[in-house]
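Participant: output the structure for:
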Amino acid sequence: SNCGTGEFCKTSDSTESAFACDATTGIDESRPKGICASMCEQPAILAAEQQAKDLFPESVICNNPDGSQGECGEGFVCLEALPACRSEFNCDAASGVAIVSFDDCSGMCFNTRKELMSAMFSGDGGSILAKLTTKAEAFDAPCSHVFDAETNSILGRAADCYVSPEARDTLVINLRGDAIIDPLSDDSGMKTLRLNSNPETPLVDYLQGGTYENPGGGVEVGVPGTEDLVPPVALLSGPPTFRTPCPNEDFATLFVDSSGSGDASGRPLHSRVWGLRSGGGCVVHDANDGLSGVIETANRGQLSTLQLENDVLNKMEAGVHCITLSVTNFLGKTSDATAELQIEKLASETSPPTVTILAPSSTTIGAGVTLSATVETSSVCPGEKGEYQWRCVSAECPLLGGPGAGEAYVSSVVKELTPSDLVGRVGPGAELEFELSARMRGADEKVSDAVNVRQSIKFNGDSVVAGFTRESPSGDISKGREDALVFHATGSDPSDPSNSAQ
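Facilitator: Got it, this is the predicted structure:
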């Protein structure tokens, strides 16, 4: 180093390099450019000083440890300082060695109360942050070791509690799916935290030792402001269409399911509100029709699934019926977006089949993909045959004839896209949207209008495989061998086995 006495070459803040290369081996020997800095600025010295300042800030140091409040804040008293307490750090590197000096503390301000101070749910509802009046020992243990039996019954058996070294004044409670603590309950017992009185509890004061106590009857857990809460997600699934039944048959029961709705916490939803949207292309409903009655029953019973029977389906008008859903989680946050499922009652004599795409949401290029769908059997009457056409509708899509194009309608709903269809045409990470058109050919050869359903698929690149060629040495090698061992490397990309893509 070309630094002076008591200095070292500091590279941690470097933004430039001193470029160098070994002329014999070609190995890059470039290094960060540094600056000369005092040895007192070495990371270990700065870290030790900062740690002491974090543990013993000026606000906790006092000069007269007589057990009175003195210069300490309200609720604190000045007592003999801990042996580890340090203040007034100084460092001198003039001699070529960093010499650190400090003052011992006369006294320290200690909180006379060791209690839970407050508790608040996190924005996603998955954890509770409980504030402590003092810094606590770091630990990680089941919450059953920290709280009393009544509290553990609402936190759940799988709840985990910990205090981290970085935030010793916060007890974090991680909840699992069996938690039933309810901050919106009228029963205070369903939202109150109470510590146990076990002297073996892992929750102890860091500086003085000793366990924590409950303030009064415990601490009620609060809820953050609504702007800080993560909203739940409302999702609906069900058939996009249904037709009049085949001769001498009833309508097949239809189900509209909301089980895909959920909350980030994993907890059950607090409530669901089902509804019907009228107008704007949707059939207008009044409060007395059959579908409105199903909606009212679902809201009253907080049902997760609508069951549409023959009598309801029979009375529904031909056209698009728009069913809506919003959900609220246990913290009182309602979904930002209302889910909507549009179900069309088909009016023509020959109606298209009811189909649901089965293709995956992602695949690798080297694996290919099978485009397929289920066909609702009740949507196909005797003498009728479904006909299907797959298209790729994404802009500049290179598959199935290109954007908007499509192959002829066929009787099979399955379309295979092999790796050879994809390699060199679909790039890794590409996301393409596919559309399935389904129509019905009746016994009289009349063809129905087509119904279209879509799904996007992401095509991921395959992992490159590396290895050695057969010409590379293998097996036992003689110690006395004088000629150099030469290894030949090879590699392959399952996304491009012929190495044709550039």
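Participant: and for the closest residue to residue 337 other than its chain neighbours, the neighbour number?
Facilitator: Closest residue to residue 337 apart from its sequence neighbours, by C-beta to C-beta, 6 or more residues apart in numbering: residue 234 at 6.9 Å. The C-beta positions use only the backbone N, C-alpha and C, and glycine is treated the same way. Residue 234 has 24 neighbouring residues, counting by other C-beta atoms under 10 Å.
Participant: helices or strands up against the helix or strand encompassing residue 320?
Facilitator: Take DSSP states H and E as the rule and residue 320 turns out to sit in strand 319-328. Applying 3 or more C-beta pairs under 8 Å, 6 or more residues apart in numbering; DSSP states H and E, we find strand 319-328 packed against strand 271-277, strand 339-345.
Participant: residues in contact with the residue nearest to residue 337?
Facilitator: 258, 261, 325, 326, 327, 335, 337, 338, 339 (C-beta atoms under 8 Å, 6 or more residues apart in numbering).
Participant: ranges for the helices of this protein?
Facilitator: For the chain, the helices defined by DSSP state H cover 43-55, 149-155, 290-301, 310-315, 419-422.
Participant: as JSON lines, these with mean pLDDT would be great.
Facilitator: Shown next, in JSON lines, are the helices of the chain (pLDDT from 0 to 100):
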{"stretch": "helix 43-55", "mean pLDDT": "85"}
{"stretch": "helix 149-155", "mean pLDDT": "97"}
{"stretch": "helix 290-301", "mean pLDDT": "96"}
{"stretch": "helix 310-315", "mean pLDDT": "94"}
{"stretch": "helix 419-422", "mean pLDDT": "90"}
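Participant: got a markdown table for those helices, with mean neighbour count too?
Facilitator: Below are these laid out as a markdown table (neighbours: other C-beta atoms under 10 Å):
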| stretch | mean neighbour count |
| --- | --- |
| helix 43-55 | 13 |
| helix 149-155 | 18 |
| helix 290-301 | 15 |
| helix 310-315 | 14 |
| helix 419-422 | 17 |
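Participant: residue 239: which of those is closest?
Facilitator: Residue 239 lies closest, by C-beta to C-beta, to one member of the helices of the chain: helix 310-315, at 11.0 Å.
Participant: distance of residue 24 relative to residue 31?
Facilitator: 18 Å (C-beta to C-beta, to the nearest Å).
Participant: the more surrounded of those two?
Facilitator: residue 31 (13 against 6).
Participant: quick one: the more buried one and residue 20 touch, right?
Facilitator: Yes: contact criterion C-beta atoms under 8 Å: residue 31 and residue 20 qualify, at 7.2 Å.
Participant: how close does residue 86 get to residue 43?
Facilitator: From residue 86 to residue 43 the distance is 18 Å (C-beta to C-beta).
Participant: what do you get for residue 406?
Facilitator: Residue 406 is 64 Å from residue 43, by C-beta to C-beta.
Participant: one more: residue 229?
Facilitator: Counting by C-beta to C-beta - residue 229 and residue 43 are separated by 40 Å.
Participant: mind listing what residue 289 touches?
Facilitator: Residue 289 sits in contact with 315, 316, where contact means C-beta under 8 Å, 6+ apart.
Participant: OK, contacts around residue 223?
Facilitator: Here residue 223 is in contact with 120, 121, 183, 184, 229, 331, 332 (criterion: C-beta under 8 Å, 6+ apart).
Participant: with neighbour count and pLDDT added, can I get these in TSV?
Facilitator: Below are the contacts of residue 223 laid out as TSV (neighbours: other C-beta atoms under 10 Å; pLDDT from 0 to 100):
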residue	neighbour count	pLDDT
120	17	97
121	24	97
183	18	93
184	12	91
229	20	95
331	24	95
332	13	94
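Participant: in strands, which of these appear?
Facilitator: 120, 121 (DSSP state E).
Participant: out of the contacts of residue 223, the closest to residue 465 would be?
Facilitator: residue 229 (46.5 Å).
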